[in-house]
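Undergrad: coords please:
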Amino acid sequence: MKQAFSLFKRLPSSMQSTKLTILNFNRKLLNPSVLNSSFIKTPSSFFSTDESNKTNDTDSGLDQDFQPKVKVQVNNENVLQIVDDYVKKNDVCVFIKGTKEMPRCGFSNYLIQVLKFYKIDQFKDVNVLESDLMRNAVKEYSNWPTFPQLYIKGELVGGCDIIKEMHENGTFEDMLKSHGMA
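TA: Below you'll find the predicted structure:
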């Protein structure tokens, strides 16, 4: 607390009221009676006092609001159909580790950067790290063992190594032009 107070002493006099407000707030936070009160709440009780929204999932111990959200229910019966739908219903579909906003693998990131280079902004990205079932189904569907995998107009183009080579020698741009995408 002494360190915090000495830092506030150095503030210009024009910030006196701000200085006192911050100092008083810090004192309240460090007060043991405040720490034990309802001032500090768990995430579930912070947003709602209704106990009916709590999950009975004892494995995770998380409130229902903090459970992972699944967009499409994937199971053994429909997983290959889902992969097929992703590939056929999107002009460009990538199966990557992570998302296009946040790739979690250097190869996936490289593929996303190549697509951005050619100004391909609208494409379906599927994070294969979210589900072992999905990851294995994509491998089975494509008969290609590694990720990322790029599909253009329903056709497997390849992984990072192939895309890199095609980008470097100009054949990737030619392929995009032949599909009316560049």
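Undergrad: use CA for all of it now, contacts and neighbours both
TA: OK.
Undergrad: got the residue ranges for the helices in the protein?
TA: Along the chain, counting by DSSP state H, helices occupy 2-9, 16-30, 32-35, 43-47, 79-89, 106-117, 132-142, 160-169, 171-178.
Undergrad: rank those helices by pLDDT, which is bottom?
TA: Least confidently modelled of these is helix 43-47, at a mean of 41 by mean pLDDT.
Undergrad: ok, what's across the strand from the closest residue to Lys124 other than its chain neighbours?
TA: Of all residues not flanking Lys124 in the chain, Cys93 sits nearest, at 4.6 Å (Cα to Cα, 6 or more residues apart in numbering). For Cys93, the beta-bridge partners under DSSP bridges are Lys124, Tyr151.
Undergrad: Return the residues in contact with Cys93.
TA: Shown in contact with Cys93 (Cα atoms under 8 Å, 6 or more residues apart in numbering): 86-87, 123-126, 150-152.
Undergrad: now do 6 Å
TA: 87, 123-125, 151 (Cα atoms under 6 Å, 6 or more residues apart in numbering).
Undergrad: Next one, pLDDT for Asn75 please.
TA: pLDDT, Asn75: 73.
Undergrad: what's the spacing between it and Ser131?
TA: Asn75 is 10 Å from Ser131, where distance means Cα to Cα, to the nearest Å.
Undergrad: Likewise for Leu156?
TA: 21 Å.
Undergrad: Please identify the buried residues of stretch 130-149?
TA: For stretch 130-149, a neighbour-count test (16 or more other Cα atoms under 10 Å) marks 134-135, 137-138, 142, 147-149 as buried.
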